[in-house]
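[1] Generate coordinates for the sequence data below:
(chains A and B)
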Amino acid sequence: MTRAPLAWSMRIGLCILGAYVALALISLVWTPYDPLSPGVGDSFLPPSVEFPLGTDRLGSDVLSRLMAGTQYNLGIALVAVILALVIGSALGVVAGYYGGATDIAISRSVEIFQAFPGVLFAMLVVKAVGPGVLNIILVLSFIGIPDYARLARAEVQSRRNWPYAEAARMVGNRSWQVAFRHLLPNSMGPLLAFTSINAAFVSLVTASLGFLGLGLNPNTPEWGNMIARGQDGVMTGEWWVSFFPGLAILGMTGAFYLLGDALADLADPRRRR
Amino acid sequence: MSSPLLEIEGLSGSFRSPNGALTPVLHDVSFAVPRGTVTAIVGETGSGKSLTALSILGIQPPTFQRSAGRILFDGRDLLTLKPEEMRGIRGRRISIVFQDARAALNPVFTVGRQLADVHRLHHGGSASRAMKRTIEALRAVSIPEPERRARQYPHEFSGGMAQRAMIALAALVCEPELLILDEPTTGLDVTIQAAIMELIGDLVRERGLTACLITHDLGVVAETCDRVVVMNAGRVVETGTTEAIFTRPRQDYTRRLLAASQLGETPEMIEA
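    Residues are numbered from 1 along each chain as shown, chains lettered A, B, ... in the order given. Got it, this is the predicted structure:
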């Protein structure tokens, strides 16, 4: 498979993501209608000038809800991915660099946890501790940590005896400085490439939890909730209620993939242009 | 004369194979590196010269087991120091230039940033001051356009330029008392080898450094080094001033080594 040229995947990814960020920011101060109030129009009005993306079963404006939903889906994905990247990489670097008992303790815990299906774990935890943005962020970052840890561990372990690591020790760097300031930056490529896959996964799980009614309060304009609210209309011809939030999820997932590709290239100076 | 900066006394040891068998590789290695001199340790591959040098900094391979000996640096036995004390010596008092300079530079940072980081590690100060000193150091090792070069990544450096940058790092940024050079010119073009050796000689004389040069090439020793330690099969064969070793070698092995590099006036060469 050939990849899109760096500049293009970067540009397209950034443009789409930028549009989502803009949408989320605008929704903070203005949406065409109140996204939370039902009955701003009749039930299941098709897309029109008055309601560009139609209305749902309760007569809420789909466009307003979609805009407001960007805050939740984008915010949850970004925060969860950054948390998982930071915590997972740190654990992996420590395991890979120090080895021995530290490595065994970290690697085994990560593997035990990984043997449990992530989505199921997320569902159980959210069911147990209750819905809420913070809970969802924490559980989604938690299920991402093992992958980052294993990636970072493998990268650092393969590089810790390379000449530049040796050279860094020989000029008097402390071991944590060699691990985090010299080896981690060299391992950023695969880690950043993985963030795109992880962000796409997190977006999908967020929407899945919402669709199953486990995520946020059902009235919250989160995209998964919106798809769930529209599912009874899909069969009877009111496609727009579920279609547009689905499209929004697709676009965000795609943007994360493109951007992750470009970020991985940026981490390597030889591939930078 | 003051005591030598570095004294290795009776260093012996073996490699331990995975099944526990010991293969002796160093036999009672002893020599001294007097202050302000360049001492060359010369020998073939497998003679134990690099192992000895790496032991000074405590970076011998983990399979090496020392059975006897001391390594006295400025009167203190380095082999008895705690890891934390050893770290205080690395870079500050003893630094090393490796054979493959391009591999010893971190590929994701600019060369200037790496040198500046080490400068700040040892001398503190602001980032801009460290970068200024880095550029001065790069200029001192005759890297053209040091301001531009400092902003480049290691893969944009040639082998010779990278070795100059490493020498700037190890000798000028770290400002050590003892500089160890582990085959610094191996793998470089002959003309560049000569230029690098000249640079090392100049730096040592101008800055009053003490240097320990590990090499298998007697050709690079003659003009730069004050003293030579010849090693073979884990033993010190002969020690003396460069002049004595080159003109009056006492041991047969030294003569053969000289003949191989076609430098000394050995009987075989005169006959030929």
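
[2] Which parts of the stretch 101-250 of chain A are helices?
    A:118-129, A:133-159, A:163-170, A:175-177, A:184-186, A:188-211, A:223-234, A:240-266 (DSSP state H, counting those that start in this stretch).

[3] Output these as a markdown table; include the columns mean neighbour count.
    Every C-beta, even on glycine, is put in place using the N, C-alpha and C of the backbone. Shown next, in a markdown table, are these (neighbours: other Cβ atoms under 10 Å in any protein chain shown):
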| stretch | mean neighbour count |
| --- | --- |
| helix A:118-129 | 15 |
| helix A:133-159 | 21 |
| helix A:163-170 | 22 |
| helix A:175-177 | 14 |
| helix A:184-186 | 18 |
| helix A:188-211 | 22 |
| helix A:223-234 | 21 |
| helix A:240-266 | 20 |
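
[4] For chain B, find the nearest of these.
    Checking those against chain B by Cβ to the nearest Cβ gives helix A:163-170 as the closest, at 3.9 Å.

[5] orientation of that closest one relative to helix A:133-159 in degrees?
    Taking axes from the mean of the first three to the mean of the last three Cα atoms, to 10 degrees, one finds helix A:163-170 and helix A:133-159 inclined to each other by 100 degrees.

[6] Let's see helix A:163-170 as CSV, backbone CA atoms only.
    Output of helix A:163-170 as CSV, limited to C-alpha atoms (Å, rounded to 0.1, in the frame of the first residue of the first chain):
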residue,chain,number,x,y,z
PRO,A,163,26.1,3.8,20.5
TYR,A,164,24.3,7.0,21.1
ALA,A,165,22.7,5.7,24.3
GLU,A,166,26.2,4.6,25.4
ALA,A,167,27.6,8.0,24.4
ALA,A,168,24.8,9.8,26.3
ARG,A,169,25.7,7.8,29.5
MET,A,170,29.4,8.5,28.9
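
[7] returning to what we had before: turn the helices of the stretch 101-250 of chain A into CSV, including distance to chain B and mean pLDDT.
    As requested, the helices of the stretch 101-250 of chain A are exported to CSV (distance: least, Cβ to the nearest Cβ, whole Å; pLDDT from 0 to 100):
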stretch, distance to chain B, mean pLDDT
helix A:118-129, 31, 90
helix A:133-159, 10, 94
helix A:163-170, 4, 89
helix A:175-177, 8, 91
helix A:184-186, 5, 92
helix A:188-211, 8, 89
helix A:223-234, 37, 88
helix A:240-266, 11, 88
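
[8] Next, format these as a markdown table and append distance to A:L45.
    Below are these laid out as a markdown table (distance: least, Cβ to Cβ, whole Å):
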| stretch | distance to A:L45 |
| --- | --- |
| helix A:118-129 | 33 |
| helix A:133-159 | 30 |
| helix A:163-170 | 64 |
| helix A:175-177 | 60 |
| helix A:184-186 | 53 |
| helix A:188-211 | 23 |
| helix A:223-234 | 11 |
| helix A:240-266 | 9 |
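
[9] and B:P249, which of those is closest to it?
    Across the helices of the stretch 101-250 of chain A, B:P249 has its closest neighbour in helix A:163-170 (33.6 Å, Cβ to Cβ).

[10] now for that closest one, which elements pack on it?
    Packing partners of helix A:163-170 (3 or more Cβ pairs under 8 Å, 6 or more residues apart in numbering or on different chains; DSSP states H and E): strand B:94-97, helix B:101-104.

[11] Now do the contacts for A:G96.
    For A:G96, the contact set (Cβ atoms under 8 Å, 6 or more residues apart in numbering or on different chains) comprises A:D103, A:A152, A:R153, A:A154, A:E155, A:V156, A:Q157, A:R160, A:L183.

[12] I should have written B:L54 there, sorry.
    Contacts of B:L54 by Cβ under 8 Å, 6+ apart are B:Q60, B:P61, B:D182.

[13] would you say it is within a helix?
    Yes: counting by DSSP: H, G, I helix; E, B strand; the rest coil, B:L54 falls inside a helix.

[14] In the chain, where's the longest helix?
    In the absence of a named chain, chain A is used. helix A:62-98 (DSSP state H).

[15] that answer is for a different chain, and I need it for chain B
    helix B:190-207.

[16] Quick one: list the elements packing against that helix.
    strand B:38-43, helix B:159-167, strand B:210-215, helix B:221-224.

[17] residues of that helix that come out buried?
    B:I192, B:Q193, B:A194, B:A195, B:I196, B:M197, B:L199, B:I200, B:G201, B:L203, B:V204 (16 or more other Cβ atoms under 10 Å in any protein chain shown).

[18] What is the neighbour count of the closest residue to the second one other than its chain neighbours?
    Of all residues not flanking B:Q193 in the chain, B:T185 sits nearest, at 4.0 Å (Cβ to Cβ, 6 or more residues apart in numbering or on different chains). By other Cβ atoms under 10 Å in any protein chain shown, 24 other residues sit near B:T185.
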